[in-house]
Structures are given as C-alpha cells and as structure tokens.
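Q: what shape does this take:
(2 chains)
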Amino acid sequence: DQQVKQNSPSLSVQEGRISILNCDYTNSMFDYFLWYKKYPAEGPTFLISISSIKDKNEDGRFTVFLNKSAKHLSLHIVPSQPGDSAVYFCAASANAGNMLTFGGGTRLMVKP
Amino acid sequence: ETGVTQSPTHLIKTRGQQVTLRCSSQSGHNTVSWYQQALGQGPQFIFQYYREEENGRGNFPPRFSGLQFPNYSSELNVNALELDDSALYLCASSAGQEPEAFFGQGTRLTVV
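A: Model (predicted):
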C-alpha cells in the first residue's frame, strides 16, 4: 500500500520553462511534507518543505504547494535549469517527525 | 561542520552472510535513520535511533538490526542476507525530531 505516490516517473522540460512535479498521499496523519533531489551516486539532498498549516512555501526558484483536501502537493521550479536534472522525491511524515515515507520519485530532465 | 558519511560505499556479499554498514551523523545531530532504496523505487524507512535507543521501525524483519553509539554514529546489521536485500542503504541524521533529515551518499550492497 503506497501512502505517497508520484505518478509521473519522468518529466522533460525546456530550460527556462516551469517544471511541475506532483505528489499524492493517502494517509491523513501526514502533516509535514518534504522534497528531496537526488543525483546519481549521491544521497538525497533536502530541497524544500511545507507544514500542513500552510498551503505554499517558497525558496528562490522552488515553490511547494499543498492542497490538503485533495491530499496533493506539487513542486514548481521556475525557471528550470539544466543543473536541476535529477530524480525528485516527495516525502511525508506524521507529527512533524522525521520517519519519512517517500514516493517513488520523478526523473526530471531539463534540456538546454 | 562535517556532513553524514557512510562506509563502505560499495559491498558485495554472498546469500546467507551477514553485513554491517556504518554511518557517522552530522555534527550536532542525535537522531539517525536508516532507509533501503531498491532500484527504481523511493527510499523505505527501516528504523530510527534517538539517543542510543530504537525510536521507530518500518516493515522490515528482525534480521535487520541496528545500534547507535554515544557519539551518535550508527550501524545497520543485516543477518542471513537474501538476494532481495540488494539495494542502496541510506543513512540520514537530524536534530531530535526535526523533520528535515540530511542523508549520506549511501552504501550500495549487492547480494549474490
């Protein structure tokens, strides 16, 4: 039973355009959500997070949106850069703790 | 300030053997979590240690065990290795129950 799902295994975007990565969850106990980026042969790197008391959080080119009623979150990257090409994981936790449940990942390719 | 480091980076073991993986947490972090990432999937939570005590466990059998030492470094032990244990094992450290966890580069375990 996958509690966190990333339904798009891959996404290709032109440099300078917006990248939108989506994530759905089923567990109503999740109250904190995180996005990680992973390059080959490296561990996941923390990117941005959002608490369930908010619906939006921005950090530079990265914005995360949370729709609690739909149990859906998305990561927007604007403008996309070739260096953003990586696998992006959505993760969720309950009680704002750090035992994370991850989605399966979306491979983002930003073309020059 | 040093980040999370794991050793070894790669390991090949035979089915039925035992393996020990090691992790040094980031300076100031007293919580260590271990994850298993199979090929093409997201990381799966194995267990977490906080101040030398197991603080939570995912859906993994008892042959997966761990330790945390007074300096907050940690070990993951897997007994009676099976072919399906082949995966990338990730260690993450955090400060207490802060949601943002910081990952090491992982240990790639291959069971033959």
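Q: spatially nearest residue to residue A:11 (excluding sequence neighbours)?
A: With sequence-adjacent residues excluded and distances taken as CB to CB, 6 or more residues apart in numbering or on different chains, residue A:11 is closest to residue A:108, at 5.2 Å. C-betas here are computed from N, CA, C, even on glycine.
Q: likewise residue A:52?
A: residue A:31 (4.1 Å).
Q: show me what the mean pLDDT comes to for stretch B:29-44.
A: Averaging pLDDT along stretch B:29-44 yields 94.
Q: which positions in chain B make contact with chain A?
A: B:4, B:6, B:31, B:33, B:35, B:40-45, B:48, B:56, B:58, B:90, B:92, B:94, B:97-106 (CB under 8 Å from any CB of the partner chain).
Q: and the residue nearest to residue A:11, bridged to which residues?
A: On the basis of DSSP bridges, residue A:108 is bridged to residue A:11, residue A:86.
Q: how much space separates it from residue B:99?
A: Distance, residue A:108 to residue B:99, by CB to CB, to the nearest Å: 23 Å.
Q: residues near the spatially closest residue to residue B:74 that is not a sequence neighbour, how many?
A: Leaving aside its chain neighbours, residue B:74 sits nearest to residue B:32 (4.1 Å; criterion: CB to CB, 6+ apart). Each residue near residue B:32 was counted by other CB atoms under 10 Å in any protein chain shown, and the total is 30.
Q: now do the phi/psi pair for residue B:32.
A: phi -130, psi 130 (degrees, to the nearest 10).
Q: next: residue B:64.
A: Main-chain dihedrals, residue B:64, degrees, to the nearest 10: phi -90, psi 120.
Q: residue B:70 contacts residue B:52, correct?
A: Yes. Assessed by CB atoms under 8 Å, residue B:70 is found in contact with residue B:52 at 6.8 Å.
Q: okay, those two: which has more neighbours?
A: Shown here are residue B:70 and residue B:52; by other CB under 10 Å, residue B:52 has more neighbours (13 against 7).
Q: any idea of the pLDDT on the more buried one?
A: At residue B:52, the pLDDT value in this model is 90.
Q: tell me who's in contact with residue B:15.
A: Residue B:15 is in contact with B:81, B:82, B:83, B:111, B:112, counting by CB atoms under 8 Å, 6 or more residues apart in numbering or on different chains.
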